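Peer 1: Model the following, please.
(chains A and B)
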Amino acid sequence: KAGVTQTPRYLIKTRGQQVTLSCSPISGHRSVSWYQQTPGQGLQFLFEYFSETQRNKGNFPGRFSGRQFSNSRSEMNVSTLELGDSALYLCASRDSYNEQFFGPGTRLTVL
Amino acid sequence: GESVGLHLPTLSVQEGDNSIINCAYSNSASDYFIWYKQESGKGPQFIIDIRSNMDKRQGQRVTVLLNKTVKHLSLQIAATQPGDSAVYFCAASAPTGSARQLTFGSGTQLTVLP
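Peer 2: Below you'll find the predicted structure:
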């Protein structure tokens, strides 16, 4: 089985712009979660989608949003980018209740 | 809310020695725990997990110990190898309504010395 894939792998944006990141889960996995990873804050949970519905949400501002499609692929969007949004954004999918498989991440740099 | 902390941000061990990485969690409702390994430029990789009804679980060269009384878990790596050099995260999973939330520790950088 192919693993979790994320596109693009690297992205450079400027403040005020918006960005959309994409995640394709492992085939058959219906749950997709997104995380932000920074050196200072570590791994922080953004949100989880299951069967096209947001099931859980972390403590991030409304500029961060996501969605999931019927094929379980997911996108996350960040609007009005700030310098502090520079991070590695990780997507994880799972089939069973708990074990998650992570993708390689998208490295976002905001200038 | 849940917080998960690691006792040491960095750990250096000699090749062949055993490594022990510790982690503390705060939410007593956490009932599932996972250790991840993250190599540079890659996403976290599942190593081993343990449910709260167990206090020890062994894998290949790795053992996780869980002490629910003091809300502490540890990852032991036997005969540490250069390929074990990475950042190790613990994560605690707790039910939140109909879903579950995974809270990660800040990570320990393990360096294996030749």
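Peer 1: Please make it C-alpha for all contacts and neighbour counts, starting now.
Peer 2: Will do.
Peer 1: Show me which residues of chain B sit near chain A.
Peer 2: Listed as neighbours of chain A in chain B under the rule CA under 8 Å from any CA of the partner chain: B:32, B:41-46, B:98-107.
Peer 1: In ChimeraX, how would I select just the buried ones from those?
Peer 2: Buried subset of the residues of chain B next to chain A, written as a ChimeraX selection, criterion 16 or more other CA atoms under 10 Å in any protein chain shown:
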select /B:32,43,44,45,46,100,101,102,103,104,105,106,107
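Peer 1: Sitting in strands, which of the residues of chain B next to chain A do you find?
Peer 2: Applying DSSP state E to these, the entries found in strands are B:32, B:45-46, B:99-104.
Peer 1: Can you name the residue of chain B nearest chain A?
Peer 2: Using CA to the nearest CA, residue B:43 is the residue of chain B that sits closest to chain A, at 4.3 Å.
Peer 1: Tell me where the longest strand sits in chain B.
Peer 2: If you go by DSSP E, chain B has its longest strand at strand B:86-96.
Peer 1: quick one: strands adjacent to it?
Peer 2: Here strand B:86-96 has these sheet partners by DSSP bridges: strand B:32-38 (antiparallel), strand B:99-104 (antiparallel), strand B:108-113 (antiparallel).
Peer 1: Show me how far the second one is from its chain's centre.
Peer 2: Taking CA atoms, centre = their mean, to the nearest Å, one finds the center of strand B:99-104 at 15 Å from the center of the full chain.
Peer 1: residues in contact with it?
Peer 2: Contact with strand B:99-104 is made by A:42-45, A:55-56, B:2-4, B:89-95, as judged by CA atoms under 8 Å, 6 or more residues apart in numbering or on different chains.
Peer 1: swap in the longest one?
Peer 2: Residues from elsewhere that reach strand B:32-38, judged by CA under 8 Å, 6+ apart: A:98, B:44-52, B:75, B:86-94.
Peer 1: hmm, which of the residues you listed are the buried ones?
Peer 2: A:98, B:44-51, B:75, B:86-94.
Peer 1: Pick out the least confidently modelled helix or strand of chain B, by mean pLDDT.
Peer 2: The helix or strand of chain B with the poorest confidence is strand B:4-6; it has a mean of 63 (mean pLDDT, DSSP states H and E).
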